[in-house]
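Enquirer: I would like the atomic coordinates for the input below:
(chains A and B)
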Amino acid sequence: MYVAVKGGEKAIDNAHAWLDEERRGDLGVAELSLPQIREQLSLAVNRVMAEGSLYDPDLAALAIKQARGDLIEAIFLIRAYRTTLPRIGHSHPVETGKMACDRRISATYKDAPGGQVLGPTFDYTHRLIDFKLAAEAEAEAEAGAEESTPAAATGAAEGGDMPRITDFLNDEGLIQTEAPCDTTPPDMTRAPMEYPAGRPLRLQALTRGDEGFVLGMAYSTQRGYGRNHPFVGELRIGKVPVEMDIPELGFAIEIGEITLTECETVNQFAGSKTEPAQFTRGYGLVFGQTERKAISMALVDRALRWEELGEDNVGVPAQDEEFVLAHSDNIQATGFLEHIKLPHYVDFQSELELIRKLRGDAMATQAQQTQEAAE
Amino acid sequence: MSIAHTPGSSDHARQQSGQPAKAPDDPRQSSPHAARQAWMGLLAKSSAVDLAAKVEAYAEEAVLPSFTWLRAPEIGGVMVRGRMGGTGAAFNLGEMTVTRCALRLDTGETGHGYVQGRSKRHAEQAAMVDALMQTARAEAVRAAVLTPLEAGKQAEQAARAAKAARTKVDFFTLVRGED
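Expert: Model prediction:
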């Protein structure tokens, strides 16, 4: 139990003033601008948008600056701001099949129609610290880009549709289909979670869940705690328009466009004596360029579908919906965890009294026993 | 200045004329509001800075008409939905910030602004352009604002697509030595 304390205003004010000073750091170093954070720390911005569950790069950049780069603190700021926004409405489901892809790869089909487009990826880098960046070698980098321009002409000409990889498998009936359905999905920001939550709520929770936690859960399935043999059927990153019905107009318009990362996994079979074997699938869709998170989400989504796919519950954490969803939110987790550092003096006082009493009683009994033994 | 939720009468007429078409391939094509949907979408997806530059340049040549607010600019959230497996049932992905407003020109046309982000000026200028596009000044506004915005947007997309195309690879599966 937490009992409020009073006092300390002066010290708290001073602590906050010092915090402002520390955030700014050495005044001899130029201050970070929001566009600098948005443009140059964009993957941090993407993570804050995804887990803050609010797509607004400028706001995420501001939160990162205010939080001194503590991303969970920044996510906390975004979540708090989000609650103050009136809900204007909801969008049509985004059409990721028509994404303008910056990146699109398949680990299952070498010759995927539309091609394997690497995009701006860390893959195939050597993960060696690049000391050139410390020397601000940007002019050099630009010169390098100029040289490779001719290739662009050929590539741009064949740009066009990038059909879904799962559609090819679907054509042969080799993978379970995802039939469209227009029922209104439940919203965990509007109603308290109840278990079993079902797949729409699981996906909502996972997409805003802590990247580290979701990654850990996904990794546990790979290491054998609920193994489901995933292939990355397709991973795509790019922009999609967001369309919404405008009641006062009576038709839908595009109200903006957002960058998303989508991952579809192809997993081992479900089937029975009556139904032929089929690949199964897991799905990840996350705000921004966030592929580690999207792949993790797809693996955990797949693991949590055990019941629907007629698999055994082997009792592993990644199959336990309540365990996963109740612990995936880093704001809930950090709120409960960090509150234990706040004053608990009254609580602790009662525990002190209790332990003194217990020890007192025990010592009295011991003394009595010693005396009895001596007699 | 009146602030009210009532949409303009012209919008009511539109509402009666039918639901937006929901053809899975391209909802634009068959919609009777295709032109307006296209410019409203372009205004929403353009950056506030780009739109402001075009509108201000246009305002220097031709004074913007006066108007009254039907709904003063307000910032809110829109829940973005996705589909399971990309094609299945809908789920809630997360919100995005949106600013909206509605205004009526003194000549009676109603303009709506629904734009991504938190810029009230962006929403106001989008609504102003939407209203002007329903007046006799439509062609001038299209030439001064929409056409250059569209061209800029397309150039940006083409540049990005070209960069992506430059990273297109062919993987070869190597024959393993053991045979």
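Enquirer: Can you show me the helices along chain B?
Expert: With DSSP state H, the ranges of helices along chain B come out as B:9-16, B:27-30, B:34-45, B:48-61, B:120-132, B:138-141, B:147-165.
Enquirer: Double-check residue B:66 against residue B:106; I have them as touching.
Expert: Yes. Contact status for residue B:66 versus residue B:106: in contact at 5.4 Å, counting by C-beta atoms under 8 Å. Bear in mind the C-beta positions are built from the backbone N, C-alpha and C, glycine included.
Enquirer: Find the residue closest to residue A:301 in space, skipping its chain neighbours.
Expert: On the basis of C-beta to C-beta, 6 or more residues apart in numbering or on different chains, the spatially nearest residue to residue A:301 that is not a chain neighbour turns out to be residue A:282, at 4.5 Å.
Enquirer: Can you tell me the SS state at the one you found?
Expert: Reducing the assignment at residue A:282 to three states with DSSP: H, G, I helix; E, B strand; the rest coil gives strand.
Enquirer: show me what contacts it?
Expert: Residue A:282 makes contacts with A:228, A:230, A:264-265, A:267, A:298-303, A:305, as judged by C-beta atoms under 8 Å, 6 or more residues apart in numbering or on different chains.
Enquirer: Give the residue spans of chain B that score low on pLDDT.
Expert: Within chain B, the stretches falling below the threshold (pLDDT under 70) are B:1-31, B:177-179.
Enquirer: Identify the residue nearest the geometric centre of it.
Expert: Closest residue to the average C-alpha location of chain B: residue B:41 at 2.0 Å, with C-alpha atoms, centre = their mean.
Enquirer: what are the bridge partners for the residue lying closest to that residue once chain neighbours are set aside, then?
Expert: Spatial nearest neighbour of residue B:41, excluding adjacent residues (C-beta to C-beta, 6+ apart): residue A:254 at 3.5 Å. In this entry, residue A:254 is beta-bridged to residue A:243, by DSSP bridges.
Enquirer: Residue A:254 touches residue A:241, doesn't it?
Expert: Yes. Using C-beta under 8 Å as the test, residue A:254 is close enough to residue A:241 to be in contact (4.4 Å).
Enquirer: For residue B:80, name its beta-bridge partners.
Expert: With DSSP bridges as the criterion, the beta-bridge partners of residue B:80 are residue B:94.
Enquirer: quick one: contacts for it?
Expert: Remark: with contacts taken as C-beta under 8 Å, 6+ apart, residue B:80 is in contact with A:55, A:90-91, A:94, A:242, A:258, B:92-96.
Enquirer: Alpha carbons only: can I get the helix or strand residue A:133 falls within in PDB?
Expert: Secondary-structure assignment from DSSP states H and E places residue A:133 in helix A:131-134. Backbone C-alpha positions of helix A:131-134 (Å, rounded to 0.1, in the frame of the first residue of the first chain) are rendered in PDB as follows:
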ATOM      1  CA  PHE A 131      35.200   6.500 -37.600                       C
ATOM      2  CA  LYS A 132      34.500   8.500 -40.800                       C
ATOM      3  CA  LEU A 133      31.200   9.500 -39.200                       C
ATOM      4  CA  ALA A 134      33.100  11.100 -36.400                       C
END
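Enquirer: Residue B:45: how many residues sit nearby?
Expert: By the criterion of other C-beta atoms under 10 Å in any protein chain shown, residue B:45 has 18 neighbours.
Enquirer: Let's verify residue A:189: helix, strand, or coil?
Expert: Recorded secondary structure, residue A:189: coil (three-state DSSP).
Enquirer: separation between it and chain B?
Expert: Per C-beta to the nearest C-beta, to the nearest Å, residue A:189 is found 8 Å from chain B.
Enquirer: That residue: neighbour count?
Expert: Around residue A:189 there are 16 other residues, counting by other C-beta under 10 Å.
Enquirer: for residue A:9, same thing?
Expert: Once other C-beta under 10 Å is used to define contacts, residue A:9 is seen to have 8 neighbours.
Enquirer: Which residue is the nearest non-sequential neighbour of residue 111?
Expert: If you meant another chain, say so; for now it's chain A. Closest to residue A:111 by C-beta to C-beta, 6+ apart is residue B:170, at 8.0 Å.
Enquirer: not quite, I wanted chain B
Expert: Of all residues not flanking residue B:111 in the chain, residue B:131 sits nearest, at 2.8 Å (C-beta to C-beta, 6+ apart).
Enquirer: re the thing from before, so the residue nearest to residue A:111 makes contact with residue A:112?
Expert: No. Using C-beta under 8 Å, residue B:170 and residue A:112 do not qualify as a contacting pair, with a distance of 10.8 Å.
Enquirer: re earlier: burial of the residue nearest to residue B:41, as a residue count?
Expert: By other C-beta under 10 Å, 23 other residues sit near residue A:254.
Enquirer: beta partners of residue A:266?
Expert: Counting by DSSP bridges, residue A:266 is bridged to residue A:231, residue A:281.
Enquirer: Just give me the neighbour total for it.
Expert: The local packing count at residue A:266 equals 25, with neighbours defined by other C-beta under 10 Å.
Enquirer: Next, the contact list for it, please.
Expert: The contact partners of residue A:266, taken as C-beta under 8 Å, 6+ apart, are A:108, A:165-166, A:169, A:175, A:230-231, A:233, A:279-281.
Enquirer: Likewise for residue B:41?
Expert: Counting by C-beta under 8 Å, 6+ apart, residue B:41 has contacts A:241, A:253-255.
Enquirer: Drop anything exposed from the residues you listed.
Expert: Buried residues within those, counting neighbours by 16 or more other C-beta atoms under 10 Å in any protein chain shown: A:241, A:253-255.
Enquirer: Verify the stated contact: residue A:54 with residue B:79.
Expert: No. With contact defined as C-beta under 8 Å, residue A:54 does not count as touching residue B:79 (10.4 Å).
Enquirer: Report the set of residues contacting both of those two.
Expert: Each of B:94-95 lies in contact with both residue A:54 and residue B:79 under the rule C-beta under 8 Å, 6+ apart.
Enquirer: more neighbours, the two?
Expert: Remark: of residue A:54 and residue B:79, residue A:54 carries more neighbours, 25 against 21, as counted by other C-beta under 10 Å.
Enquirer: Just the pLDDT for that one.
Expert: The confidence metric pLDDT takes the value 98 at residue A:54.
Enquirer: Report the contact partners of it.
Expert: Residue A:54 makes contact with A:60, A:78-79, A:81-82, A:85, B:77, B:94-97 under the criterion C-beta under 8 Å, 6+ apart.
Enquirer: Pick the one among those closest to residue A:353.
Expert: Within the set of the contacts of residue A:54, residue A:79 lies nearest residue A:353; the separation is 38.4 Å, counting by C-beta to C-beta.
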